[in-house]
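> Predicted coordinates and the sequence they were generated for:
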Amino acid sequence: EDQVTQSPEALRLQEGESSSLNCSYTVSGLRGLFWYRQDPGKGPEFLFTLYSAGEEKEKERLKATLTKKESFLHITAPKPEDSATYLCAVFNAGGTSYGKLTFGQGTILTVHP
Amino acid sequence: KAGVTQTPRYLIKTRGQQVTLSCSPISGHRSVSWYQQTPGQGLQFLFEYFSETQRNKGNFPGRFSGRQFSNSRSEMNVSTLELGDSALYLCASSYSGNSYNEQFFGPGTRLTVL
């Protein structure tokens, strides 16, 4: 059974205070790790896909990295508009896996001005 | 390019009723996945359709069903509604449904069962 665990559950930052969110995973064969952002009352918005250990991707103030057991989402100098729930999901290679992402519970990020 | 659309956005039903939700994927995308999101369980996979065929199914009872049409639009149906079915139902579309294509989500349908 695939497992995805995100920490912390909630994170409060001051504007400009950099930090990292963690996503640890247990899957039989990782085919991709996905990061999404979700605002209240909306569907998740795609951010990044990572496929292999050592891979990194950046977008504005966000940088995602991947190791063999976990992924980090680094937020540099966050702004209040970065406040959202950040979701991590995995796509594994085992069995019939078409279209199936297994999600973590998310990290609720609040950035205060 | 238009995004994923879902209708209706909100629904209120009573126990025992049935409901049908609709999803229109991004143009050119042939895979549609459905998810249920609740505060307690988070996002859970329901099923995936590609070219009108269900290729994958999550651990949900048979009351949850779906179908896909030749234009890739998809519907999901929940019969004999229970209070625990109250949730945000999300659909996501991708080009092929494999790990090399991102899934793009719609805004969701908020279902409340009274």
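Noted; the coordinates are in hand.

> Tell me, please, where in chain B the pLDDT is lower than the cut-off.
Scanning chain B with the threshold set as pLDDT under 70 gives B:1.

> how about stretch A:18-26 as PDB, C-alpha atoms only?
Coordinates of each C-alpha in stretch A:18-26 appear next as PDB, following Å, rounded to 0.1, in the frame of the first residue of the first chain:
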ATOM      1  CA  SER A  18      12.000  31.100   4.100                       C
ATOM      2  CA  SER A  19      11.100  27.500   5.000                       C
ATOM      3  CA  SER A  20      10.600  23.900   3.700                       C
ATOM      4  CA  LEU A  21       7.700  21.500   3.500                       C
ATOM      5  CA  ASN A  22       8.400  17.800   3.700                       C
ATOM      6  CA  CYS A  23       6.800  14.800   1.800                       C
ATOM      7  CA  SER A  24       8.000  11.300   2.700                       C
ATOM      8  CA  TYR A  25       6.700   8.400   0.700                       C
ATOM      9  CA  THR A  26       6.600   4.600   0.600                       C
END
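
> residues in contact with that stretch?
Under the contact criterion C-beta atoms under 8 Å, 6 or more residues apart in numbering or on different chains, stretch A:18-26 has outside partners A:2-8, A:11, A:13, A:33, A:35, A:69-78, A:86, A:88, A:90, A:104, A:107, A:109. (Each C-beta comes from the backbone N, C-alpha and C, glycine too.)

> filter those residues by proximity to chain B?
When C-beta under 8 Å from any C-beta of the partner chain is applied, the members of those adjacent to chain B are residue A:104.

> Which ones among the contacts of stretch A:18-26 lie within helices?
Among the contacts of stretch A:18-26, DSSP state H puts none in helices.

> The residue of chain A found nearest chain B and residue B:34: what is the separation?
Closest approach of chain A to chain B (C-beta to the nearest C-beta) occurs at residue A:99, with a separation of 2.9 Å. Taking C-beta to C-beta, to the nearest Å as the measure, residue A:99 falls 9 Å from residue B:34.
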